[in-house]
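Undergrad: structure here, sequence nowhere to be found:
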């Protein structure tokens, strides 16, 4: 165990005030003993750094997929009082609204013939990798539509059906978005990239519903055992990356102006209600909306491929849900019996609102919000549901994924891309990727087991397991 | 290449060494192109970046962020860099070739350049830079 940290319970650790100079609140993270073995000192340091920021409420938190990032740790959650707190791109990341969505199909695994052909057709229909351009031409006005209306813009253009929108966190649109706060450079990068997957750990996967843990919730979400689903993991592309870069620079000056000492320059921030804070938040919201529109456009391309190959109707493929796992949001939370208006940062963490939350559509009012946890390539992904315990303990948040244990170069030294491809093929999983090194970097052994991460959040009650999906085909970014 | 990868699980963190400050900038730029595109070859397309910043670290951060922007928007893979630094201002000539799907898909996307752990140290025999790219 890292010295100076105390264990509070089977799955909970505390980083005391004083671990890093200037901490205003303690840090808390959730882990199992098995996961604790791979915890990096750098991640704990970053968790403690976040606790120094003004207006932080209760704790600097991290979920069981905590690992070393930049600014906040990955898996980090922090809520800041809207009147006294700050907003920081270090708590969101470069890939604003990187997130995941799941599309249900009416097909059973047994009906999924011509799998290789399907994976190849999807690989052709969804541009992936470095330098990829979208198949849909976007004008300046349309780009503004993506940034202000999000998923709704895509639906209005015919890239979806109205029910898709309510099946998104925030209904696929942050209303605070201001396209005017997004720079011309960010817009230039975003224009040709609508409907592209990107690279790195982004993916599009064909999966089968392998196990159901909670039949009632699964039914409410529209899932059946043996059903084929498609998972899409990507973000706001160059538009979001540039927005982070631009505002980081502005906020770097703001910390001096507002005299906010930060232990890591990536934690550059400004008071939430300051001009700089508002500008970042509204630009971030615009980039988040772009990401929702982007995932909606990708889902449209996927539906078209299934429609053509299997003769099934577009409308029979229901959107299950879409979550953001790199974002900051204005939310109301109960703190010490009082309702507090807070800016909640989730950096590699997922919103997990519990049953009855007013922001959820009626279809999820008794189950809580669907939470999508993608596995690493070739391993299981999970669907969970939000809980009241998450509302009370983590500002309605849970984990976001598996979390790396090996660096990308170590992963490549360990195993070649072609070996990973062959191993997956033996399990019946077909992989398409721009290059073999992209496959090696994302090899299953480079990640913590997602099964252990979701076991821990389920055991603590931060979200509850609903279903497990197994991959059948992978398109790597 | 004069860079080595430092341990970091999620992102790419590198150490660049050079006898001169300009050399640090050129090597970091070359490392960035290599990580993104898998390979860099000589070419004849040129671009110029000029900018000013408060410190060598800020200058480097802004230079690499601008390089990332130019490379992506103009679809260019740069292999050679002529950097001049005078006080807080920089001029860099970037030389390379157009992005080619058949050649340049061997790398991974860099989303941004982080301030976390960014430092340039002056040592007896030159300069050492540590920098982290979000990939």
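TA: Looks like it arrived, so ask away. All values derive from a computational prediction rather than experimental measurement.
Undergrad: run through the neighbouring helices and strands of the lengthiest helix in chain B.
TA: For chain B, the helix with the greatest residue count under DSSP state H is helix B:56-74. In terms of contacts (3 or more C-beta pairs under 8 Å, 6 or more residues apart in numbering or on different chains; DSSP states H and E), helix B:56-74 is packed against helix A:184-190, helix A:237-257, helix B:21-37, strand B:45-52, strand B:76-86, strand B:89-98, strand B:112-123, strand B:126-134. To be clear about C-beta, it is placed using only N, CA and C from the backbone, and glycine gets the same treatment.
Undergrad: these into CSV, with extra columns for mean neighbour count?
TA: Shown next, in CSV, are the helices and strands packed on helix B:56-74 (neighbours: other C-beta atoms under 10 Å in any protein chain shown):
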stretch, mean neighbour count
helix A:184-190, 21
helix A:237-257, 23
helix B:21-37, 22
strand B:45-52, 14
strand B:76-86, 18
strand B:89-98, 18
strand B:112-123, 18
strand B:126-134, 21
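Undergrad: between the ones you listed, which one is nearest to residue B:5?
TA: helix B:21-37 (9.2 Å; C-beta to C-beta).
Undergrad: re the thing from before, make TSV out of the helices and strands packed on helix B:56-74 and add mean pLDDT.
TA: TSV is the format used below for these (pLDDT from 0 to 100):
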stretch	mean pLDDT
helix A:184-190	98
helix A:237-257	97
helix B:21-37	97
strand B:45-52	98
strand B:76-86	98
strand B:89-98	98
strand B:112-123	94
strand B:126-134	96
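Undergrad: go through those and name the closest to residue B:9.
TA: That would be strand B:126-134 among the helices and strands packed on helix B:56-74, by C-beta to C-beta, at 11.7 Å.
Undergrad: wait, residue B:88 touches residue B:60, no?
TA: No. Counting by C-beta atoms under 8 Å, residue B:88 stays clear of residue B:60, with 11.8 Å between them.
Undergrad: neighbour-wise, which of these two wins?
TA: More crowded of residue B:88 and residue B:60, by other C-beta atoms under 10 Å in any protein chain shown: residue B:60, with 24 against 13.
Undergrad: how about that one, nearest residue that isn't a chain neighbour?
TA: In this structure, residue B:60 finds its nearest non-sequential neighbour in residue B:25, 6.1 Å apart by C-beta to C-beta, 6 or more residues apart in numbering or on different chains.
Undergrad: partner strands of the helix or strand harbouring residue A:371 and their direction?
TA: For residue A:371, the enclosing helix or strand under DSSP states H and E is strand A:370-373. Note on strand A:370-373: by DSSP bridges, its sheet partners are strand A:381-386 (antiparallel).
Undergrad: now for the biggest strand by length in chain A, which elements pack on it?
TA: Looking across chain A with DSSP state E, the single longest strand is strand A:463-476. Packing partners of strand A:463-476 (3+ C-beta pairs under 8 Å, 6+ apart): helix A:115-125, strand A:203-212, helix A:215-221, strand A:227-234, strand A:381-386, strand A:430-432, helix A:450-460.
Undergrad: got the residues of the stretch 301-450 of chain A near chain B?
TA: A:404-409, A:434-435, A:437-438, A:441 (C-beta under 8 Å from any C-beta of the partner chain).
Undergrad: ok, now the stretch 151-300 of chain A?
TA: Residues of the stretch 151-300 of chain A lying near chain B (C-beta under 8 Å from any C-beta): A:185, A:188-189, A:198-200, A:238, A:241-242, A:244-245, A:248-249, A:252, A:264-266, A:268.
Undergrad: which residues touch the nearest residue to residue B:127 once chain neighbours are set aside?
TA: Spatial nearest neighbour of residue B:127, chain neighbours left out: residue B:24 (4.8 Å); criterion: C-beta to C-beta, 6+ apart. Residues near residue B:24 by C-beta atoms under 8 Å, 6 or more residues apart in numbering or on different chains: B:16-18, B:60, B:120, B:127, B:129.
Undergrad: direction included, what does the longest strand of chain A pair up with?
TA: Here, using DSSP bridges, strand A:463-476 pairs with strand A:203-212 (antiparallel), strand A:381-386 (antiparallel), strand A:430-432 (parallel).
Undergrad: what's across from residue B:126 in the sheet?
TA: residue B:123.
Undergrad: check the gap between it and residue B:23 for me.
TA: 7 Å (C-beta to C-beta, to the nearest Å).
Undergrad: related to what we said a few turns ago, check the gap between the residue nearest to residue B:127 and residue B:51 for me.
TA: On the measure of C-beta to C-beta, residue B:24 and residue B:51 end up 16 Å apart.
Undergrad: same check, this time on residue B:16
TA: Relative to residue B:51, and taking C-beta to C-beta, residue B:16 is found at 19 Å.
Undergrad: check residue A:174 too.
TA: From residue A:174 to residue B:51 the distance is 32 Å (C-beta to C-beta).
Undergrad: same check, this time on residue A:11
TA: Separation of residue A:11 from residue B:51 (C-beta to C-beta) stands at 48 Å.
Undergrad: report the central residue of the chain.
TA: Answering for chain A, as no chain was given. residue A:325 (2.5 Å; C-alpha atoms, centre = their mean).
Undergrad: looking at chain B here, not the other one
TA: Most central in chain B (C-alpha atoms, centre = their mean) works out to residue B:29, at 1.9 Å.
Undergrad: with adjacent residues omitted, what lies nearest to that one?
TA: residue B:81 (4.8 Å).
Undergrad: over to residue A:304?
TA: Nearest to residue A:304 is residue A:125, by C-beta to C-beta, 6+ apart, at 6.9 Å.
Undergrad: the closest residue to residue A:460 other than its chain neighbours: neighbour count?
TA: Of all residues not flanking residue A:460 in the chain, residue A:11 sits nearest, at 5.2 Å (C-beta to C-beta, 6+ apart). Residues near residue A:11, counting by other C-beta under 10 Å, number 20.
Undergrad: for residue A:11, give me its contacts.
TA: Contacts of residue A:11 (C-beta under 8 Å, 6+ apart): A:30-32, A:64, A:456, A:459-460.
Undergrad: how about those in CSV, adding pLDDT and neighbour count?
TA: As requested, these are arranged in CSV below (pLDDT from 0 to 100; neighbours: other C-beta atoms under 10 Å in any protein chain shown):
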residue, pLDDT, neighbour count
A:30, 97, 28
A:31, 95, 24
A:32, 94, 16
A:64, 95, 26
A:456, 97, 22
A:459, 98, 14
A:460, 97, 22
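Undergrad: biggest separation within the residues you listed, which pair?
TA: A:31 and A:459 (11.2 Å).
Undergrad: that older thread, any idea how far the longest helix of chain B is from the middle of the chain?
TA: 7 Å (C-alpha atoms, centre = their mean, to the nearest Å).
Undergrad: go on, stretch A:45-54?
TA: 21 Å.
Undergrad: follow-up on the earlier one: how close does the residue nearest to the centre of chain B get to residue B:14?
TA: 12 Å.
Undergrad: specify the angle between the longest helix seen in chain A and strand A:203-212 in degrees.
TA: Counting residues, the longest helix found in chain A (DSSP H) is helix A:275-310. On the basis of axes from the mean of the first three to the mean of the last three C-alpha atoms, to 10 degrees, helix A:275-310 is oriented at 70 degrees to strand A:203-212.
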